[in-house]
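A.B. asks: predicted model and sequence below, questions to follow.
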Amino acid sequence: MAQIAKEIGRDKLLDIYTRTMKVNRTDEKFRALLMGGKVAVMYYCVRGQELVSAAAMAALEQDDYVVCTYRGQGEQTAKGIPMEKWWGECLGKATGTCKGKGGTMHITDPETGIMVTTGVVGSGLPIANGLAMASQNNGDGRVTVVSFGDGAANIGGFHEAMNMAQLYKLPVIFLCQNNRYGEHTAYADHTDSRNIASRAEGYGMKGVTVDGNDVNQIYPAMVEAVARARAGEGPTLVEAMCYRMMGHFFGADFSYMPPEHIAEMKAEDPLPKLRQVMLDHQFTEEELDAIVADINAQIDAAVEHALAAPLPDTDEIYKDVLEETA
Amino acid sequence: MAQITMTQALNLAIDEAMADDPGVFCLGEDVAAKQGGGVFKITSGLTEKYGANRIRATPISETAIIGAAVGAALAGQRPIAEIMLMNFVGVCMDQIVNHAAKLRFMSGGQTPCPIVIRTTTGVGVGFGGQHSDMLEAWFAHVAGIHVVTPSNPADARGLMRASIDANDPVIFIENILCYGLKAEDPGPGYRVPLGKAAIAREGTDISLITYGRTVLDALEVAAELAKEGISVEVIDLRTIAPYDEATVLASVRKTGRAITLHEAVRPFGTGAELAANIQEKCWDNLKGPVRRIGGTFSAVPFASHLEQAWIPQKSDIVAQIKASVGKL
């Protein structure tokens, strides 16, 4: 594994670490704000899944497309949405990515390739095919990554999209973040397949299951899938095994998680593991702490900016319905 | 100019849009050359001209079809997605309603979704309960979509071009029984603006507001009643939603009477919305209540005589008009 880590390279490791911590600190900040009663909005925690998002986004170019879900903070911030715009949207402000009209479940920022954030489980996959189809039609060389959870693997759109993507060899990567729960239902209670990636074979597609808590597995898997897509070799289903360390949404009860599951996920926490990889690559504690401190400062400033930002004008409810109302 | 059928009109409009803009492409079940250019031949001959990437025959996967259209539209293309029969929209309603219709608004205007969803339906061909419904009201009830239906070949050509030009999703409803209609070809580049109704026949006693196949019934009835001295103004909405309110209200203010007519079932239909709006805005001009005519509130039956009985009857249109104008 260490050998592959060296292949990742120090610069890329640093990039992944920075993105991972950006996701993690954003998550921590959001929970602190919600706990403190300072804001009251729907938020789907990403604690435990930071590395999957960060490594996936680090495998992309700036102009590649991403489709994510309501639990998409990781992809959104790791892909690089400006923090002020991201926080502005989450707090329903005029300065948000969507002028406060989308919200936490519908973040859109085409400038950084975040094309759709869907609030409907499994709906992103068919749309990702369309983005990839456009790239195939016009030869722009872009790839599309669509992120979803294990729960989405049981909705019809998943199967329709997988079949169509493979049929047309679309440049799309299906990133299943298998966090072991579909809403409040454990994997074993919603699926009898041994894993999700094995379903790829049924569509003639390449599928891999990797440890999403190990940078040396998730990042190379994404790099390979992206390379295949860009080369016109078709889609890949990448299943990243990970843990959702909190409830389905912020504030939701998750006492249903068995103690052995909680112990397992604590042992597999991607953050200490990634930090160890960094230390193994001669990054110092001080360097890593400084990165986190810098991120914290950026987030604090972005939150302050968003809190002070104006609310959208009430007449926004009439705008952007159709072009005529834009 | 030559005579063309509605099938040819739609084919010509799509053909010229594809020739003009490399971002326009078609996808749907059986649409490519190998499958004969669509079950109703609307995309016939286009694979040969534009290739398989731009006339994509898809699996029977309505959610994947509309999802792909949505994604391609977000990336700047102009997909024309075919849902073979209108009842199948139930399979992909999430993609249409939660995504295509709302992505412009939810993104604060960043991601408009210019897709045309072509779909066919119609009562009177013996397709039974799951292949015949007019479901336009489902979409008219959703903000962010244009709902369009032509009643003649010229409008079909012009509305299709305008729908492909539109920067928002369009549900384009084609009535099976209208495909064979023939009329003069309006020629290349012809466009009928969305949201603009046509006064299909001028009249002074009553406004009969309709769209699609029932425009033909309305015109027939109007011609008959003219012989009896009743002057019926027939309005063909062409765009069902958002509809041409100005033309509708001006007509009703002139005639003082209105009837809405559609093939779709009457309860909670588009006629109810039209009637309510007319009554709110033309109350002082109205000489009587706005009446509504629609299909029977049951599934479309199979047996031919049942199916014919299900459809709004011309005799009923006549009776309702006469009751309205007080000459019954």
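C.D. replies: Here it is on my side, so go on. Numbers count the residues shown, from 1 in each chain, chains lettered A, B, ... in the order given.
A.B. asks: can you map out the strands along the stretch 151-300 of chain A?
C.D. replies: A:172-178, A:181-182, A:185-186, A:206-211, A:236-241 (DSSP state E, counting those that start in this stretch).
A.B. asks: neighbouring strands - and their directions - for the third one?
C.D. replies: Strands flanking strand A:185-186 in the sheet, each with its direction: strand A:181-182 (antiparallel) (DSSP bridges).
A.B. asks: what about stretch B:72-84, start to end distance?
C.D. replies: End-to-end distance of stretch B:72-84: 20 Å, with CA to CA, to the nearest Å as the criterion.
A.B. asks: how much space separates residue A:250 from residue A:185?
C.D. replies: With distances taken as CB to CB, to the nearest Å, residue A:250 is found 19 Å from residue A:185. Heads up, the C-betas are built off the backbone N, CA and C, glycines and all.
A.B. asks: quick one: which of these two has more around it?
C.D. replies: residue A:250 (19 against 14; other CB atoms under 10 Å in any protein chain shown).
A.B. asks: ok so, going back, tell me which of the strands of the stretch 151-300 of chain A sits most buried.
C.D. replies: strand A:172-178 (a mean of 30; mean count of other CB atoms under 10 Å in any protein chain shown).
A.B. asks: can you pull the phi/psi pair for residue B:21?
C.D. replies: phi -140, psi 110 (degrees, to the nearest 10).
A.B. asks: go on, residue B:286?
C.D. replies: Backbone torsions of residue B:286, given as degrees, to the nearest 10, read phi -80, psi 140.
A.B. asks: isn't it right up against residue B:255?
C.D. replies: No. Assessed by CB atoms under 8 Å, residue B:286 is found out of contact with residue B:255, at 9.6 Å.
A.B. asks: tell me which of those two has more neighbours.
C.D. replies: Between residue B:286 and residue B:255, counting by other CB under 10 Å, residue B:255 is the more crowded of the two (23 against 17).
A.B. asks: after the longest helix seen in chain A, next one along is what?
C.D. replies: Assignment by DSSP state H gives helix A:10-35 as the longest helix of chain A. Counting by DSSP states H and E, the next helix or strand C-terminal to helix A:10-35 is helix A:50-58.
A.B. asks: quote the end-to-end distance of stretch B:295-307.
C.D. replies: Span of stretch B:295-307 from end to end, CA to CA: 10 Å.
A.B. asks: write out the residues of the stretch 201-328 of chain B neighbouring chain A.
C.D. replies: residue B:242 (CB under 8 Å from any CB of the partner chain).
A.B. asks: just the helices in the stretch 201-328 of chain B please.
C.D. replies: B:214-226, B:245-255, B:270-281, B:304-310, B:314-325 (DSSP state H, counting those that start in this stretch).
A.B. asks: looking at those helices, which one is packed in the most?
C.D. replies: Of the helices of the stretch 201-328 of chain B, helix B:214-226 is the most buried (mean count of other CB under 10 Å), at a mean of 20.
A.B. asks: list the helices and strands that one packs on?
C.D. replies: strand B:198-201, strand B:206-210, strand B:232-236, strand B:258-265, helix B:314-325 (3 or more CB pairs under 8 Å, 6 or more residues apart in numbering or on different chains; DSSP states H and E).
A.B. asks: bridged to residue A:238, which residues?
C.D. replies: residue A:175, residue A:208.
A.B. asks: count of neighbours near the one residue in the stretch 151-300 of chain B that gets nearest to chain A?
C.D. replies: Of all residues in the stretch 151-300 of chain B, residue B:167 sits closest to chain A, at 4.4 Å by CB to the nearest CB. Per other CB under 10 Å, the neighbour tally for residue B:167 reads 14.
A.B. asks: pLDDT score assigned to the residue nearest to it when sequence neighbours are not counted?
C.D. replies: Closest residue in space to residue B:167, ignoring its immediate chain neighbours: residue A:323 at 4.4 Å, by CB to CB, 6 or more residues apart in numbering or on different chains. Here the pLDDT value assigned to residue A:323 is 96.
A.B. asks: what's the answer for residue A:3, then?
C.D. replies: pLDDT recorded at residue A:3 is 42.
A.B. asks: residues of the stretch 1-150 of chain A that sit close to chain B?
C.D. replies: Residues of the stretch 1-150 of chain A lying near chain B (CB under 8 Å from any CB): A:65, A:67, A:96-102, A:106, A:108-110, A:115-116, A:118-120, A:123, A:125-138, A:144.
A.B. asks: try 6 Å
C.D. replies: A:98-99, A:101-102, A:106, A:108, A:110, A:115, A:120, A:123, A:126-127, A:129-131, A:133-134, A:137 (CB under 6 Å from any CB of the partner chain).
A.B. asks: so residue A:293 versus residue A:286, what's the distance?
C.D. replies: Applying CB to CB to residue A:293 and residue A:286 gives a distance of 10 Å.
A.B. asks: just residue A:212 next, same as before
C.D. replies: 28 Å.
A.B. asks: what about the two, which has more around it?
C.D. replies: Per other CB under 10 Å, whichever of residue A:212 and residue A:286 has more neighbours is residue A:212, with 30 against 8.
A.B. asks: for residue A:240, see how far away that one is.
C.D. replies: 3 Å.
A.B. asks: list the contacts for residue 281?
C.D. replies: Answering for chain A, as no chain was given. Going by CB atoms under 6 Å, 6 or more residues apart in numbering or on different chains, residue A:281 touches A:10, A:13.
A.B. asks: wrong one, I was asking about chain B
C.D. replies: Contacts of residue B:281 (CB under 6 Å, 6+ apart): residue B:249.
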